[in-house]
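>>> no FASTA, just this:
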């Protein structure tokens, strides 16, 4: 009976055809169009999500009573003005373009090469895709941090610097230095801490983002296949040959990619939150207040636990969860759309 049921299931699955969109690899892309359009698209995405990043950063470095994300936002706008939600954005944007370009190049080159190698080693298509995505995410994050860490240090210093009413419920940021703009912050950090100050938290940034990206891209690959199988099961139609066929349109493709990205992004946020909190604390504390070398990772963790117990490591989880889920959904749909726009031969997409 079991053998008959298995055979019946195989016969049933053989009559189903789910036409998942083909993967666009590095060799298929028009590189100039890919990087030019990517810079424009991702700059717009960064501008949209930047206020959430500011809220997350403020909550992570606050050293007193915590307030909700909404109260924090209202307090910032009331005491510092709406522009405070975009403090440091110019500096961040300057780093986003080269960091994203480096990230995308490393991601696509690694994914293409590792994917081909794993298939030759005998892995199934789904396993090869998951492995290639994980390795590509790992290498892309490590490459991008070479550019992004100094930009992150400067922009975060601008995000949390003073200007908050000391009588307000929103706690004052931990940095005491005043910066006029990104260049002024860069100059003062170099004067106080030297070049090492711009790479403060680089090690933990790698420990935070590299595994997170590996998990995210692997999870995204697996989630996307699972969602496609589920959608195909309920949305397929029987053709004249009696085969259940599902050919998704562009809206269905974007919906599946967005849902898969949100699932992967939310899980990555939860897993990496404590490391991100420690990283942010390390990057915004002043060298002149905490010694020229700044605090160590161990000291930062002990201070966090002393302030609010182990749950203090999850300060800003709400904004970060929302930011990563929304960002992942927006970024991946934008990224996949970018790849389709940048394909040399558009006929391969039909």
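The structure has been received and is ready for your questions. The structure displayed is predicted, hence computed values, not measured ones.
>>> strands of the chain, residue ranges please.
Taking DSSP state E, the strands of the chain run over residues 16-18, 237-238, 244-246.
>>> check these for me: which has the lowest mean pLDDT.
Ranked by mean pLDDT, those bottom out at strand 16-18, which scores a mean of 58.
>>> and residue 298, how many neighbours does it have?
Residue 298 sits with 9 neighbouring residues when counted by other Cβ atoms under 10 Å. Quick note: C-beta positions are derived from backbone N, CA and C, even for glycine.
>>> that one and residue 82: what is the separation?
Applying Cβ to Cβ, to the nearest Å, the value for residue 298 to residue 82 is 38 Å.
>>> need the contact list for residue 103.
By Cβ atoms under 8 Å, 6 or more residues apart in numbering, the contact set of residue 103 is 140, 141, 143, 144.
>>> now those in TSV, with distance to residue 117 and pLDDT?
TSV is the format used below for the contacts of residue 103 (distance: Cβ to Cβ, whole Å; pLDDT from 0 to 100):
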residue	distance to residue 117	pLDDT
140	17	91
141	20	89
143	19	90
144	23	89
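>>> which of these sit farthest apart?
By the measure Cβ to Cβ, 141 and 143 form the most distant pair in those, at 7.4 Å.
>>> more crowded one of those two?
With neighbours defined as other Cβ under 10 Å, residue 141 and residue 143 compare such that residue 141 has more, 24 against 19.
>>> that one and residue 310: what is the separation?
From residue 141 to residue 310 the distance is 26 Å (Cβ to Cβ).
>>> where does the protein have its least confident helix or strand?
Least confident helix or strand, the chain: helix 2-14 with a mean of 38, by mean pLDDT, DSSP states H and E.
>>> closest one of the contacts of residue 103 to residue 131?
Closest approach to residue 131 among the contacts of residue 103 (Cβ to Cβ): residue 140, at 14.7 Å.
>>> touching, the closest one and residue 212? I think so.
No: with contact defined as Cβ atoms under 8 Å, residue 140 does not reach residue 212; the gap is 11.4 Å.
>>> those two - which one has more neighbours?
Between residue 140 and residue 212, counting by other Cβ under 10 Å, residue 140 is the more crowded of the two (26 against 22).
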